[in-house]
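>>> Okay, here's the prediction I keep looking at, along with the sequence it came from:
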Amino acid sequence: MHLVSALMPPVLIARQCVILVRLVKPKTLSNYGASLLRFTQFCDTFNIPKELHMPAPEWLLSVFTTTKGTGAIGGSTLNT
């Protein structure tokens, strides 16, 4: 967790925890083709070192997945 908090903003880590509790739905896994591009863009946005992109550590994939799947999570839920 210390490594994650050094690289990612706290709001993304909190969002990750909320989403993991709700689990990832099978529909989330349906678009593999665009996912690699989106993952690379996500890493570039947060200046994740290239050597962590592939193979990506579990924590990075988890933050990416939960960040992209947060449409139903409101700010007040994250604050709670």
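That came in fine, so what should we check first?

>>> Going by C-alpha atoms from here, please, whenever you check contacts or count neighbours.
Will do.

>>> what residue ranges in this protein score low on pLDDT?
For the chain, applying pLDDT under 70 flags the ranges 1, 23-33, 69-80.

>>> how distant is the helix or strand where residue 41 lies from the center of its chain?
Per DSSP states H and E, residue 41 falls inside helix 32-45. The chain centroid and the centroid of helix 32-45 are separated by 11 Å, computed with C-alpha atoms, centre = their mean, to the nearest Å.

>>> same deal with stretch 10-22?
Centroid displacement of stretch 10-22 relative to its chain, using C-alpha atoms, centre = their mean, is 8 Å.

>>> List the buried residues of that stretch.
Neighbour-count burial for stretch 10-22 flags 12-16, 18-19 (criterion: 16 or more other C-alpha atoms under 10 Å).

>>> so residue 19 makes contact with residue 63?
No - in this structure residue 19 lies outside contact range of residue 63 using C-alpha atoms under 8 Å: 9.5 Å.

>>> can you give me the helices for the chain?
Here the chain has its helices, by DSSP state H, at 2-7, 10-22, 32-45, 58-68, 75-79.

>>> Residues touching the third one, excluding its own?
Just to be clear, that refers to helix 32-45. Contacts with helix 32-45, where a contact means C-alpha atoms under 8 Å, 6 or more residues apart in numbering, come from 49, 53, 64.

>>> Out of the residues you listed, flag the one nearest to residue 3.
Closest approach to residue 3 among those (C-alpha to C-alpha): residue 49, at 12.9 Å.

>>> ok, the closest one - contacts?
residue 43.

>>> what's the distance between it and residue 20?
Distance of residue 49 to residue 20, given as C-alpha to C-alpha, to the nearest Å: 24 Å.

>>> circling back to that earlier point, what's the angle from the helix holding residue 41 to helix 58-68?
Inter-element angle recorded for helix 32-45 and helix 58-68: 100 degrees (by axes from the mean of the first three to the mean of the last three C-alpha atoms, to 10 degrees).
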